[in-house]
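[1] how would this look folded up:
(2 chains)
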Amino acid sequence: MVLTLLLAGPATAAPRLMTLDWTIAETLTALGMPPLGVAQTAAYRDWVAEPSLPDTVVDLGLRVQPNLELLVDLDPDRILISPMFASLEPRLSHIAPVTTVSLYAGSDALWPDLLAATRKLARLGGRPEAAERLIATTEARIADLRERLPEGERPLLMVQFMDARHVRVFGEHSLYQAVAERLGLDNAWQGTTNAWGFSLVGLEALAGIDAQLVVVDPLPVGVEQSLADNGLWQHLAAVREGRVLHLPPVWSFGGLPSAERFAEQLAAALEASRSRDS
Amino acid sequence: MKAIAARSPLHPRLTPARACLLLALLTLALAGLTLHDGIGLDAAWQGLVAPQAGQEAQWVAHFSWWPRLAMALLGGGGLALAGVLMQQVLRNPLAAPTTLGVASGANLALLAATLLAPGLLVGGREWVALAGGGLAMGLVFALAWRRGLAPMVVVLAGLVVNLYCGALAMVLLLFHQEALKGLMIWGAGSLAQTDWNGVVYLLPRLAIAAALAAALLRPLSLLELDDANARSLGVSLKQLRLAGLGLAVFVTGCVVSVLGVVGFIGLAAPAIVRLLGARRLGARLLWATLLGALLLTATDLLLQRVSGTLPTLIPTGATTAALGAPLLLWLLPRLRLSGQRPAVSTGAPVRRHSAPVRRAGLLGVALLLAAAVALCLGQGADGWQFSLPGEAPALAWRAPRVLAAAGAGVLLALAGTLIQRLTGNPMASPEVLGISGGTAIGLILAIYLLPPMGPLGLLAVGTLAALVTLLILLALNRRHGFRPEPLLLTGVAVTALFEAVRSFVLAGGDPRGQQVIAWMSGSTYYVGPGSALAVVVLALLLAAATAPFARWLDLLPLGASTAQALGLPVGRARLALLGLVALLTACATLVVGPLSFVGLLAPHLARLLGFSRARDHLLGAALVGALLMVVADWLGRQWLFPQEIPAGLVASLVGGAYFLWGLRKL
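    Below is the predicted model of the structure:
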C-alpha cells in the first residue's frame, strides 16, 4: 500500500485509455493510471481482484466482444489489446487508435517481457517515469522477500486445480515460475508448457517429484471434499508429509502487480510452514 | 448355410471373436509397453496386489493406472452395449449414445449446476449429469413420439437436441469461461483416475444393465421384424422401444457421468461387429461390448504413450470421437440403411392462406418496423438513446449489424426451406448437413495453428473449409443419387467431428478458447459496412437463384418415384439444390457462426402462417428468417447491456421455446 501511495500522483490530462485485457488493466491500475473502461469488470474482480479497479471504471462488456456503441460513446483516446484479440482490431480502430501490447507470447523470458510491457503502458499513459517506479518497487520488494527466505528450500511444484483429477502445473513461460526464480526458488516441474506457461496434467503426473507442493486457490466446487478421500492425492509424498501450501487466488496470467502479490503470499506461506515445522 | 451367411464382408477369415482376440493381444502388448516404460512391471504388480507404504510408484499404479484401465474397459463396454441397444431399437446402424443428446444434455446440466447451484455438485455430479442426460433424451423421445419413435425421426431429433444443448452451453461459456474451465476437461472425456470410486460406481450399475439387456434379448430380437409383423405377435412396439432406449440411456448416463463425454465407441463397436458378420442380437451384444471395451482401452493406452511429450492433456473421449468420424464416413456406404422413412410430412398441418401476397406484405412491413427500431433505439454510456437513421451511431454501428442479421436470416431460411423440402423431413436444417460444422472446424484450426489473423483471413479459411466440406458431402453421396437419409447422416458425422474438435481445444484451457467460443456463438459483431452490404447482395442474388427451382420443390416432397414419373430429373435436381443449400449455409455461417436455428424455424413458421406452395414458402420463410434474426440481434445487444448475447444464440433460445411449444405438431 506504500506502492499505491507512491504512485497516486495527480493526473494531468492523462489520455483516456480503455482495455479488454485484464493483465493490461491491472498493470495500468498499479501504474496509477487506471483505465476508464475494462471488459468484464465483475469477472476481473473475481479472478484478478488486486489491484482493485476504481468504482468509476466502466464495464465494456465481454472481453472477446466489447460493446462497440458503448466504446464510441465513451470516446477513448486509445484502446489497448493483447495479440489474442487481434481479430477485433479492424472494428476497434474505427473508434480509436488500437495498440497491441504483447504479453505471454511464449518467448523465453517472461520477466523482461513484463517489464517491457509495463514501460510501454506507462509511455502510452504519458508518464514513463511511473513504470520505472513500479518496476523498482516490485523488484525491491521481491529482493527483500528473497533475503528473508532461507537457502536450500525444496523446489516448488505450483499447481491450480481444474477438477478433482486434473491440475494446471506451472512451468516455463509462467508468471509463477518467473517469480519463484526471482525469490531464488527452483521449479520442480521440468515438463513442457504452453505459451501461457502451464501444462494440463492428471494428478498422477505429480507423483515421483520431490517438491514443495503449492496449490493456488480457488479450488473448484467439490474438489476439497473429494480430495479428502482421493487415494492418489493422499499418497503423494508431499501430501503425506504435509508439504502442501495453499495460496489465496492470484491471476495466473498477470503482470507485475500479480507477480508481487504472488511473491508476498508465497514467501509468507513458506515462512509460516517453516515456523510450524520448527 | 448359417456359417456362410455369417461370413464377414470385410475379410473372410476375420470373425468377431478373432477380431476381439487380436485387439486383446494388441491391448496387452500396449499395456505391457506402457508399464515397462513408465511405472515398471514389478511396481505395477505390487501396486495391484499389495502396495507398500512409501513406495510412490506402487501407489500411482494402485490408484491411477489400474483404475484407469478398469474404467476404460468398463466405459468402452458400457457405451458399446448402449449402442447395440439403441441401434436395435431404432433399426438404424448409426444411432449411438452421443448422437441422441444424452451426452450434451449431461454436459449442459453440469455447466448450469456449476454456475447456479454448486451445492448440487457436492452431492455427486454423476446425479446431475444423469438428470441432464435423461431430460435431453426425454426431449428427443417427446419430439419423436408422435411418429412412433421412427428411427430417422429419433436420430434427427437427437441431433437437434444436441445442437440446442450445445448452443445453450456456449452462452454459459461465453459469459463464464473462467469458472467453467474444469468442466471442459470432463466434456472432452479424460480417463485419468485417482482412486477406485469410479469403478465401484460403474461396475454394479453396468452389471445390472447387462443382466436387464440379457432379459430383454428375446423381445428386442422381434424388432428386426417390420412393425406390422411384430405387432401381430402381440408386442407393444412403443413400450418395447421405450424400455430398450431407457436402458441404453441409463448405461450411457452412468458412463458419461464418471468418464465424461466419450464419443463414437458406442457407434463404432456395434457397427464393426455387424460388418464382421455378427447377425443375431445376442452375438452382437456380446462381441460389441467386448470390442468396445478393448477399443477404448487400446486408444487410451496409445494416448498415454504420446501425451507425456505435449504441454496439454489429450482427452481420450474427444480423440475417439475424432477418429470415429472418418470411420463413420467410411462405414456409410457399407451399411445397409433400412429404408424406414417417416411418413412424408413437412411439419405443421397445412392451412393454405388465400392471399399469401398480402401476408408477405404484412411480414415485410413488420421487418421494416423491426429494422427501424433496431436502427434508432439502443443503449449507450448514458442509457437508452434514440438516434435518427442518418446519425452516426445508427449509420456506422447499427446499420451493418441489422443488414447482416437480415441477410443471414434470409440465407438460412432459404437453405432450411430447401433442405426440408428436399428431404421431406421437418427436422432437417442447414446445421444438420454439416456444412456449418465443417466451416467451424476450419476456423478453429486456423485460430489455434496459425498466427493471429484478422477477419479477412478468417473469412478465407472459412470459405475454404465450407468448400471442402461440400466436396466431401458430394463425393460421399454421389453413389446413391443424393438420397436424403444418407445425406443427413453424413452431416451427423461432420457435426460430430466438429463437436470433437471443439471439446478438444476447449479442454486445454488455452485463453484463445474465448475467441473460438465468441465466433462459434454466431454474432453479427465482426461485420463492417462492406461485409454487411456483401451479405445482403448475396442474399438477394441467391434468393433470386432459388426461385426457378420452385416447381421441383413442389414435386420433390411427393417422393422420388412420383417426382420421377412427373418428369423430374431427381438425381440432378437433388444435386443442384444441395449445391445451393451448401452455398447458402456457407455464406450465412461465415457471418453469424454455425449455431442458429433460423434455418430450422423459419420454414416452419412460414408454413404455420399459411405459405404452403414452394414459391410462397420460400418467400415467407425468407421474410420470417430476416425478421427473426433482426429481432434476435437487437434483443441480444440490449438484453444484458453492455454484454452482448450473439444473435445466433438468441435465435436458438427462441427456437427452443418454439420447439417445445410445437412438440405436438411435429
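[2] I'd assumed residue A:168 was in contact with residue A:205.
    No. Look at residue A:205 against residue A:168 with CB atoms under 8 Å: they stay out of range, at 11.2 Å. In short, each C-beta sits where N, CA and C put it, glycine included.
[3] so between these two, which is more surrounded?
    More neighbours surround residue A:168 than the other of residue A:205 and residue A:168, with 25 against 22 (other CB atoms under 10 Å in any protein chain shown).
[4] wait, the more buried one sits on residue A:200?
    Yes. The pair residue A:168 and residue A:200 qualifies as a contact (CB under 8 Å) at a distance of 5.7 Å.
[5] what is in contact with those two at once?
    A:162, B:509 (CB atoms under 8 Å, 6 or more residues apart in numbering or on different chains).
[6] so which elements touch the host helix or strand of residue B:412?
    Using DSSP states H and E, residue B:412 sits in helix B:399-423. In terms of contacts (3 or more CB pairs under 8 Å, 6 or more residues apart in numbering or on different chains; DSSP states H and E), helix B:399-423 is packed against helix B:356-376, helix B:430-433, helix B:484-507, helix B:529-546, helix B:550-555, helix B:570-592, helix B:598-608, helix B:614-638.
[7] what's the closest of those helices to residue A:59?
    Closest to residue A:59 of the helices and strands packed on helix B:399-423, according to CB to CB: helix B:614-638, at 14.9 Å.
[8] same question for that closest one, mean pLDDT?
    The average of the pLDDT scores along helix B:614-638 is 91.
[9] for stretch B:539-554, C-alpha coordinates in CSV please.
    What follows is stretch B:539-554, C-alpha atoms only, in CSV (Å, rounded to 0.1, in the frame of the first residue of the first chain):
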residue,chain,number,x,y,z
ALA,B,539,-28.8,-13.0,-50.0
LEU,B,540,-30.8,-11.2,-52.7
LEU,B,541,-28.9,-12.9,-55.5
LEU,B,542,-29.2,-16.4,-54.0
ALA,B,543,-32.9,-15.8,-53.3
ALA,B,544,-33.4,-14.9,-57.0
ALA,B,545,-31.4,-18.1,-57.9
THR,B,546,-33.7,-20.2,-55.8
ALA,B,547,-36.9,-19.0,-57.3
PRO,B,548,-36.7,-21.0,-60.6
PHE,B,549,-36.5,-24.3,-58.5
ALA,B,550,-40.0,-23.7,-57.1
ARG,B,551,-41.6,-26.4,-59.3
TRP,B,552,-39.0,-29.0,-58.3
LEU,B,553,-39.6,-28.1,-54.7
ASP,B,554,-43.3,-28.7,-55.1
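[10] go ahead and confirm residue A:210 touches residue A:154.
    Yes. Counting by CB under 8 Å, residue A:210 does reach residue A:154; the two are 7.0 Å apart.
[11] okay, and the common contacts of the two?
    Common neighbours of residue A:210 and residue A:154 (CB under 8 Å, 6+ apart) are residue A:188.
[12] the two: which is more packed in?
    Neighbour count, other CB under 10 Å: between residue A:210 and residue A:154, residue A:154 has more, with 15 against 12.
[13] just the helices in the stretch 151-300 of chain B please.
    With DSSP state H, counting those that start in this stretch, the ranges of helices along the stretch 151-300 of chain B come out as B:151-175, B:177-187, B:197-215, B:217-221, B:227-232, B:237-259, B:265-275, B:281-307.
[14] where in the stretch 1-150 of chain A is pLDDT low?
    The stretch 1-150 of chain A contains residues with pLDDT under 70 at A:1-13.
[15] what about 80?
    Judged by pLDDT under 80, the stretch 1-150 of chain A has its weakly predicted residues at A:1-14, A:87, A:105-108.
[16] looking at the helices of the stretch 151-300 of chain B, which has the lowest confidence?
    Between the helices of the stretch 151-300 of chain B, the lowest average pLDDT goes to helix B:227-232, which shows a mean of 65.
[17] flag every residue of the stretch 501-650 of chain B that's near chain A.
    B:507-512, B:514-515, B:517-518, B:523, B:525-526, B:528, B:637, B:641-644, B:646 (CB under 8 Å from any CB of the partner chain).
[18] what's the answer for the stretch 151-300 of chain B, then?
    B:174-176, B:178-179, B:181-183, B:185-186, B:190, B:192-197.
[19] repeat the analysis, applying 10 Å as the threshold.
    Within the stretch 151-300 of chain B, the positions near chain A by CB under 10 Å from any CB of the partner chain are B:174-186, B:190-198, B:260.
[20] mind checking which of those are buried?
    B:174-177, B:179-186, B:190-198, B:260 (16 or more other CB atoms under 10 Å in any protein chain shown).
[21] what's the PyMOL line that selects buried ones from the residues of the stretch 501-650 of chain B next to chain A?
    The PyMOL command for the buried members of those (criterion: 16+ other CB under 10 Å) is given here:
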select buried, chain B and resi 507+508+509+510+511+512+514+515+517+518+523+525+526+528+637+641+642+643+644+646
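[22] show me the contacts for the residue of the stretch 101-250 of chain B found nearest chain A.
    Closest to chain A within the stretch 101-250 of chain B is residue B:192: 3.3 Å, counting by CB to the nearest CB. Neighbour list for residue B:192: A:163, A:165-166, A:201-205, A:232, B:64, B:67-68, B:71, B:185, B:260, B:300, B:304, B:313, B:315-316 [criterion: CB atoms under 10 Å, 6 or more residues apart in numbering or on different chains].
[23] and residue B:435, by the same measure?
    The contact partners of residue B:435, by CB under 10 Å, 6+ apart, come to B:415, B:465-467, B:469-470, B:472-473, B:491, B:494-495, B:581-586, B:588-589, B:594.
[24] what's the answer for residue A:206, then?
    Residue A:206 sits next to A:157, A:159, A:167, A:169, A:188-189, A:213, A:232-233, A:236-239, B:56, B:60 when contact means CB under 10 Å, 6+ apart.
[25] what's the neighbour count on residue 37?
    If you meant another chain, say so; for now it's chain A. 25.
[26] actually chain B
    When counting by other CB under 10 Å, one arrives at 11 neighbours for residue B:37.
[27] could you measure from it over to residue A:45?
    Distance, residue B:37 to residue A:45, by CB to CB, to the nearest Å: 47 Å.
[28] can you check residue B:443 too?
    32 Å.
[29] ok, those two, which is more surrounded?
    Each of residue B:443 and residue A:45 has its neighbours counted (other CB under 10 Å); residue B:443 has more, 23 against 12.
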